[in-house]
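Undergrad: Got a sequence here, can you model it:
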Amino acid sequence: MRLIILTLNLLIVFYVNAGCELPSHLKAHADTLPRAIQKDHKKVSEFLVKPCKNEAEKVQIFSYWIAKNIRYDLKHMKQINRNKIAREVLYYRSAVCGGFSNLLKQFCDNENVLCYTVQGIGRGNFFQRYFTKLKCRHAWNVAYVDGEWKCLDVTWLGPELKSPEFKKDLQMKWIFEDPVEFSKSHLPYDPRWQLIKDPNTKKEFWRNKDIEERNYNWRDSIATMITSDQVEAKLITLKGAFIENNDAEAYMNGIINVGWRLVGGTYDSLETIRAIEVFQIAQNKYTELKPYKSDNKHLSQIKLGQHLCRKRLEMKE
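TA: From the prediction side, this is the model:
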């Protein structure tokens, strides 16, 4: 079964045309990365960018190195929440799509390239869609490169690097692909990340044809989001996904997860206070969105999060 799934994943790479050409000197440099530093994401990104002249080349060399050196983790392919952070990806040298995109974002963050991880649906080849009927959950990236937003899928790039075509002309599919072409195989939950004026609806995406013009001002929408702090930006994109998909369950899960990330880990009074605000937003939305298909798990998680916040503020630890 795994062999069948892997074969179907490999077939995905023939879905669109090549994205961009990797300069040969960047490939040669990336291939000399010392093993001694390969578990430190800061040292890895610092080494990789040495020959780069602009942001585009930085993202290209990051994408190439990740796709070549990180293997797809078949054991965790069904565990959507198992999106390893950069340190884990480099330690285990394996990840699912979320781990690939998280590592690329971390490299970009290290070198001051604006980059986001995007959650959504990746549509594979005809046989995968016909036999499984799965809306395949997937993760990829968008990056602001030399004054322009670009689409990137490092996970799908991996198999391409083994192809004779890549070895001949160094063309990297799925990196800097035209947004209109990219949107035929990638449907983000938040429509702004399609980077197109008339983003696809779910119906259009699965039927692979346009139904209506939407005139979506994605540039202003993204500009508003990136000028917000990280918590507010996450809440904005969660709201955008909810407006588009009307999935109250996913919306509530997303808000609550933001709260838990703030209150978890090392104690920080400001982040704990912010977590209280986020949990209050979640509670308000819980009341506002009812009735929707849900047990009381969301309310219990909200109450538990609020309780933990109060305790941490009281104990100061």
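
Undergrad: Point out where this structure drops to low pLDDT.
TA: The chain contains residues with pLDDT under 70 at 1-18, 76-83, 124-135, 209-212, 291, 293-295.

Undergrad: Scan it for its longest helix.
TA: helix 269-289 (DSSP state H).

Undergrad: Now the element after that helix, going C-ward?
TA: helix 297-315 (DSSP states H and E).

Undergrad: list the helices and strands that next one packs on?
TA: helix 248-263, helix 269-289 (3 or more C-beta pairs under 8 Å, 6 or more residues apart in numbering; DSSP states H and E). For the C-beta atoms, the positions are set from N, CA and C on the backbone; glycine is no exception.

Undergrad: would CSV of those with distance to Asn102 and mean neighbour count be doable?
TA: Shown next, in CSV, are the helices and strands packed on helix 297-315 (distance: least, C-beta to C-beta, whole Å; neighbours: other C-beta atoms under 10 Å):
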stretch, distance to Asn102, mean neighbour count
helix 248-263, 14, 19
helix 269-289, 20, 17
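
Undergrad: need those helices in CSV with distance to Tyr64, can you?
TA: Output for the helices and strands packed on helix 297-315, formatted as CSV (distance: least, C-beta to C-beta, whole Å):
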stretch, distance to Tyr64
helix 248-263, 30
helix 269-289, 36
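
Undergrad: what's the closest of these to Leu308?
TA: Of all the helices and strands packed on helix 297-315, helix 248-263 sits nearest to Leu308, with 5.7 Å by C-beta to C-beta.

Undergrad: Which strands or helices does that closest one pack on?
TA: Looks like helix 248-263 contacts helix 230-245, helix 269-289, helix 297-315 (3+ C-beta pairs under 8 Å, 6+ apart).

Undergrad: what secondary structure does Gly19 sit in?
TA: strand (DSSP: H, G, I helix; E, B strand; the rest coil).

Undergrad: What is the burial count for it?
TA: 24 (other C-beta atoms under 10 Å).

Undergrad: now swap in Ala223 and tell me
TA: Neighbours of Ala223 using other C-beta under 10 Å come to 10.

Undergrad: Could you say which helix or strand holds it?
TA: helix 218-226.
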